[in-house]
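Q: My questions concern the predicted model and sequence given below.
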Amino acid sequence: MLRYLTGGESHGPCLTAILEGIPAGLRINKKLLDEELRRRQAGYGRGERMNIEADEAEILSGLRGGETIGSPITLLIRNKDWENWKDIMSPFSPPESSRDKDKSSLKTTDKLTRPRPGHADLAGAIKYNHTDMRNILERSSARETAARVAVGAIARVLLKEFSIEIISQVVEIGKVKAHTADLTVEKIRRQRDKSKISCPDRTAEKLMIEEIGQAAKAGDSLGGIFEVMVTNVPVGLGSHVHWDKKLDGRLAQALMSIQAIKGIEIGLGFETARRPGSKVHDEIFYQERQSSMEKQGFYRKTNNAGGIEGGMTNGELLLVRAAMKPIPTLKVPLKSVDLITKELVEAAVERADVCAVPAAAVVAEAVVAFEIAKAMREKFGGDSLGEMKRNYEAYMDYVRSI
Ligand code: EPS
């Protein structure tokens, strides 16, 4: 089974992850990992924190001579900002300077007690019985996603061995919509890579940047929508037999777990509910293969299902879309109530991004890569990459023989 956990606070010393279940014999290139971390940090609309950090993944276990050895892979990303937070975030007693003499706890003035509407602050403080909401926001911060991107980068390297690629694009920011439906996946990738906000539609990109600029000026924040596509997925990943084996359910859970995500669609998504069945379901065709390597066989002319039917991949392009809410930290704060005094106050203002939709799209690629890699490990098993590939080839020979 492929699994991982992450640890770390936004302003703590580092983020960590332990990834288990990657087969032995997979070559990992550090540059690839760091490139994914760099992509997550980029994007117009990010705050000053990204000028401090230059994320880089250190690998502490599971790798020898550039190859996985089958043991858990431990990843570490240092927070450069830790230098500025050592006192406040000290794991043991805070230094004298920041302590209330009588109570040997943080001074009341150092405590965060004005919850931001839309953030984990209030519910977390009540649930965990904290009087300082920093104990919640440090972990609920999207900084944690750097660790998930490092994990996803390794999952991607595994998927590449099976020619499976993952790409994303930003399709909406605020009220601006991009038009990319007629672009091929390759064109989306090329145009997106040149964009400051991962949007392949130049006209929309310009308007989106303007909209982010206006939100920044107004002390506001913006959300948006992005798509993730997975190419060359074999038919039959996931299963219809149980709720927790359905791949669409697993992808939705993984994507919803990304900070600030409020909605998921697969393929046509919510639009399927507005159309009759005849305008939704993808008709099935068959073309004889000329050679055993050729792709055809059963195929579709449309892909409204987004590559998943009955909780299983059907061999078409996998397509998921996610909606991100605007970031809850507003420079012009909303009304709130102080956790301790119960007075009507303005919500706390922390340093934050104005729009992090392009970054969230990179995180989404990572969590989707992990879920697909997990489904591939379940289906093809093997303790070494060679064994996994033999199992995969045997299955693909069978698929191609139908
Ligand atoms: C975040 C607040 C900001 C963001 C952060 C997410 O951090 P800070 O409070 O240090 O300015 O920059 O995102 C990251 C640090 C990151 O790496 O993505 C929040 O409150 O969620």
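A: Thanks, I have the structure now. Numbering: from 1, shown residues only.
Q: Please enumerate the strands of the stretch 201-350 of the chain.
A: 224-231, 261-266, 284-287, 297-300, 308-309, 312-313, 318-324, 335-337, 344-346 (DSSP state E, counting those that start in this stretch).
Q: Pick the most deeply packed of the ones you listed.
A: strand 318-324 (a mean of 24; mean count of other CB atoms under 10 Å). C-beta coordinates here come from the backbone N, C-alpha and C atoms, glycine included.
Q: Would you mind putting the CA coordinates of that one into CSV?
A: Output of strand 318-324 as CSV, limited to C-alpha atoms (Å, rounded to 0.1, in the frame of the first residue of the first chain):
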residue,chain,number,x,y,z
LEU,A,318,-8.8,11.6,-16.6
LEU,A,319,-10.2,15.1,-15.9
VAL,A,320,-11.0,16.6,-12.5
ARG,A,321,-11.8,20.2,-11.7
ALA,A,322,-11.6,22.0,-8.3
ALA,A,323,-12.9,25.2,-6.9
MET,A,324,-10.8,27.2,-4.4
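Q: residues in contact with that strand?
A: The contact list for strand 318-324 (CB atoms under 8 Å, 6 or more residues apart in numbering) reads 171, 223-230, 233, 251-252, 255, 258, 260-267, 269, 303, 306-308, 356-357, 360, 364, 368, 372.
Q: pLDDT weak spots in the stretch 151-300 of the chain?
A: Residues of the stretch 151-300 of the chain meeting the criterion pLDDT under 70: 292-294.
Q: cutoff 80 now
A: Scanning the stretch 151-300 of the chain for pLDDT under 80 picks out the ranges 290-295.
Q: which residues of it fall in helices?
A: 185-193, 202-217, 247-256 (DSSP state H, counting those that start in this stretch).
Q: The last one - contacts with which helices or strands?
A: Judged by 3 or more CB pairs under 8 Å, 6 or more residues apart in numbering; DSSP states H and E, helix 247-256 is in contact with strand 261-266, strand 318-324, helix 357-380.
Q: Tell me the residues of this protein that contact the ligand?
A: Those residues of the chain that sit near the ligand, judged by CB under 6 Å from any ligand atom, are 10, 47, 49, 81, 137, 141-143, 146, 329, 350-353.
Q: How about the stretch 301-402 of the chain: which residue is closest to the ligand?
A: Arg351 (3.5 Å; CB to the nearest ligand atom).
Q: Distance-wise, check that residue relative to Thr329.
A: Taking CB to CB, to the nearest Å as the criterion, Arg351 is separated from Thr329 by 8 Å.
Q: that older thread, what about the helices and strands packed on helix 247-256, which gets the closest to Arg64?
A: Across those, Arg64 has its closest neighbour in helix 357-380 (20.6 Å, CB to CB).
Q: Then Ile22 would be within a helix, right?
A: No - Ile22 is assigned coil when assessed by DSSP: H, G, I helix; E, B strand; the rest coil, not a helix.
Q: Could you report the separation of it from the ligand?
A: Here the criterion is CB to the nearest ligand atom, to the nearest Å. By it, Ile22 lies 24 Å from the ligand.
Q: That's all I had, so thanks and see you.
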